[in-house]
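>>> Provide a 3D model corresponding to the input given below.
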Amino acid sequence: MVASDLPDELAGLLLRIQRLARRRLWGGLPTPRLRGAHAELLRLVAARPGIRVSAAARELCLAPNSVSTLVNHLVAEGLLRREPDPGDGRAALLHPTPAGVGRLRDWRARRDALFREHVAKLDAADRAALTAALPSLRRLAESLREGEETL
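Predicted coordinates for the structure are as follows:
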């Protein structure tokens, strides 16, 4: 591969892996499938209970009104609850419900099993190459995050 092909190849491959994994993870679940942004928000709120909508929007690189719409859907499905912020009545604090936590626990178990199965199919050299690439991918993610507040 020519070095100039790397950005396009990497972007396309990461997107393809994400789509394929999401299809496998949410397909076949007995409950209605969560869209990607809904799942991302639910994961974030479970990791940081009490997060404000505005902070969630920054973390997910989404507009606050988009996150508010996602929150409304997740609240309606019983996966999130919204509480007024005692320090600012205009703001809301987000918390996962027990149903939301259970949904994430099931999703994580499925995700771990999916990737464990498919990584195990790779030979040792490919597994070592993926392990070696993780720090570079983390740095790429951080580089993409830089300056996003100006977007």
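>>> who are the packing partners of whichever strand or helix holds D106?
In this assignment (DSSP states H and E), D106 forms part of helix 98-120. In terms of contacts (3 or more CB pairs under 8 Å, 6 or more residues apart in numbering; DSSP states H and E), helix 98-120 is packed against helix 6-26, helix 36-47. Backbone N, C-alpha and C define where each C-beta goes, glycine included.
>>> deepest of the ones you listed, which one?
helix 36-47 (a mean of 19; mean count of other CB atoms under 10 Å).
>>> output it as PDB, restricted to C-alpha atoms.
Taking C-alpha atoms only, helix 36-47 is exported to PDB below (Å, rounded to 0.1, in the frame of the first residue of the first chain):
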ATOM      1  CA  GLY A  36     -25.400   3.700  17.400                       C
ATOM      2  CA  ALA A  37     -25.800   7.100  18.900                       C
ATOM      3  CA  HIS A  38     -28.300   5.800  21.500                       C
ATOM      4  CA  ALA A  39     -26.000   3.000  22.500                       C
ATOM      5  CA  GLU A  40     -23.000   5.400  22.700                       C
ATOM      6  CA  LEU A  41     -25.000   7.800  25.000                       C
ATOM      7  CA  LEU A  42     -26.200   5.000  27.200                       C
ATOM      8  CA  ARG A  43     -22.600   3.700  27.500                       C
ATOM      9  CA  LEU A  44     -21.400   7.100  28.500                       C
ATOM     10  CA  VAL A  45     -24.100   7.700  31.100                       C
ATOM     11  CA  ALA A  46     -23.400   4.300  32.600                       C
ATOM     12  CA  ALA A  47     -19.700   5.100  32.800                       C
END
